[in-house]
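Q: Can you look at this prediction? I've put the sequence above it.
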Amino acid sequence: QVQLQESGPGLVKPSQTLSLTCTVSGGSITTSYYGWSWIRQPPGKGLEWMGVIPYDGSTYYSPSLKSRISISRDTSKNQFSLQLRSVTPEDTAVYYCARGWGVGVRSDYWGQGTQVTVSS
């Protein structure tokens, strides 16, 4: 059974960088052919796919976030991380990490989600 757990600050100030880490257990992030995504859901809105780091360490990002987002991984800890720069209150959302197969929100395992609020 694969489990994912998000961790990171719940409050970030405008213009700062949002940083979250997803710790994976029960499966390796280097196993073919899975992709490890970050997905968010702003209040009152639908799910938004942000980006993915597939099993081979490449990265793919949503065009709307490409200038501000970075996804990286630490294979020794079986973790992958999100950095979102220059945040605004519009980045307030529940952030999820998930296992899927590439671009998009379709995933078979999800973390429980973590609320991140952008506010001064």
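A: Done, it's in.
Q: Near residue 14, how many other residues are there?
A: Residues contacting residue 14 under the criterion other CB atoms under 10 Å number 13. (C-beta placed from N, C-alpha, C; glycine too.)
Q: Kindly report the same for residue 114.
A: Residue 114: 19 surrounding residues under other CB under 10 Å.
Q: Specify the local secondary structure of residue 30.
A: coil (DSSP: H, G, I helix; E, B strand; the rest coil).
Q: That one touches residue 55, doesn't it?
A: Yes - between residue 30 and residue 55 a contact is recorded at 5.4 Å, counting by CB atoms under 8 Å.
Q: Residue 90 belongs to a strand?
A: No - the assignment for residue 90 is helix, going by three-state DSSP, so no strand is present there.
Q: give me the number of residues near it?
A: Neighbourhood size, residue 90 [other CB under 10 Å]: 9.
Q: quick one, what contacts it?
A: For residue 90, the contacting residues are 42, 118, by CB atoms under 8 Å, 6 or more residues apart in numbering.
Q: And it, how far from residue 114?
A: Applying CB to CB, to the nearest Å, the value for residue 90 to residue 114 is 18 Å.
Q: ok, the closest residue to residue 49 other than its chain neighbours to residue 52 distance?
A: What sits nearest to residue 49 in space, not counting adjacent residues and going by CB to CB, 6 or more residues apart in numbering, is residue 105, at 4.9 Å. For residue 105, the distance to residue 52 equals 10 Å [CB to CB].
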